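*Asks:* Sequence and predicted structure, then a few things I'm wondering about:
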Amino acid sequence: MKKIIFLLNFIFLFANDLSDAYIASYNYEKNRNYSGALSVLKSVYKENSKNYTLNLRIAYLFLLNQEYRKSLLFYQRASIILPFSFEPKFGMMKVYFALKNYQEILNIGFALIKRNKYDYYANLYTLQALIELKKNKEAMDIINKMLDVYPTDIIYLTYLAKLYESINPKYAKKIYLRSVLLLDPDNISAKMFLKNTKK
């Protein structure tokens, strides 16, 4: 219990002093004024540069503002503050998706999976990068592993069907009809595939 309280105090270090800046940044974000949101937080950054959540939030806003290199820098800073946290690594993976740097995503993803074999997002982002690189066998390995622990997960089931669309369309159709549409009747991928296979 003491460890958790210490960790929360560390993560939300000086949070009371930052509350006004955070609230203002959320209001700017609602209006998609990411530059305004960043400006408010940058004004309090110097005295709070070791604040984990502040670095994470600034990184996220830079990502939304499509300033990818700056976003990456602040995700890296958050990761240095709390090295075992997965959150900044997921942020980095999103930045690398925007930059189409799929190999970097794999480097981070496989490192996270080594630490937590079944982490949902580490596996999902790694899977997406593998698909972009057309590494279908490795992608299938991740899908099968994750469906062992999340057998009704619609995202992984849809990716399974998508992988089979080109190699075995009949099996893809079965997956869509018997699993995907059963769990998600409005699934767009399933409806598109079934519509196109009727032609």
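*Replies:* Great, that's in hand.
*Asks:* how is this structure carved up into domains?
*Replies:* For the chain, automatic domain parsing gives the domain ranges 1-99, 152-199.
*Asks:* Quick one: the ones you listed as CSV, columns for mean neighbour count too.
*Replies:* The C-beta positions use only the backbone N, C-alpha and C, and glycine is treated the same way. Below are these laid out as CSV (neighbours: other C-beta atoms under 10 Å):
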stretch, mean neighbour count
domain 1-99, 17
domain 152-199, 16
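*Asks:* rank the ones you listed by pLDDT, which is bottom?
*Replies:* Out of those, domain 1-99 stands lowest, with a mean of 88 (criterion: mean pLDDT).
*Asks:* What segments of this structure are helices?
*Replies:* 2-11, 15-30, 34-42, 52-64, 68-81, 87-98, 102-115, 120-132, 136-149, 154-167, 169-175, 181-183, 188-198 (DSSP state H).
*Asks:* tilt between the fifth one and helix 34-42?
*Replies:* Helix 68-81 runs at 30 degrees relative to helix 34-42, counting by axes from the mean of the first three to the mean of the last three C-alpha atoms, to 10 degrees.
*Asks:* Give me the helices and strands touching helix 68-81, please.
*Replies:* helix 52-64, helix 87-98 (3 or more C-beta pairs under 8 Å, 6 or more residues apart in numbering; DSSP states H and E).
*Asks:* next one: that helix to chain centre, how far?
*Replies:* 15 Å (C-alpha atoms, centre = their mean, to the nearest Å).
*Asks:* Next, residue 118: phi, psi?
*Replies:* When read as degrees, to the nearest 10, the backbone of residue 118 gives phi -110, psi 20.
*Asks:* State the number of residues packed around it.
*Replies:* 12 (other C-beta atoms under 10 Å).
*Asks:* Hmm, it is touching residue 153, no?
*Replies:* No: using C-beta atoms under 8 Å, residue 118 makes no contact with residue 153, being 11.5 Å away.
*Asks:* Just the residues contacting stretch 188-199, thanks.
*Replies:* For stretch 188-199, contacts defined as C-beta atoms under 8 Å, 6 or more residues apart in numbering pick out 158, 161, 162, 165, 169, 172, 173, 176, 177, 180, 181, 184.
*Asks:* need the contact list for the residue most central in space within the chain.
*Replies:* Centroid check for the chain by C-alpha atoms, centre = their mean gives residue 90 as the closest residue, at 4.9 Å. Going by C-beta under 8 Å, 6+ apart, residue 90 touches 121, 122, 125.
*Asks:* Show the buried residues in these.
*Replies:* 122, 125 (16 or more other C-beta atoms under 10 Å).
*Asks:* with the contacts of residue 90 in mind, which one is nearest to residue 113?
*Replies:* Using C-beta to C-beta, residue 122 comes nearest to residue 113 of these, at 5.2 Å.
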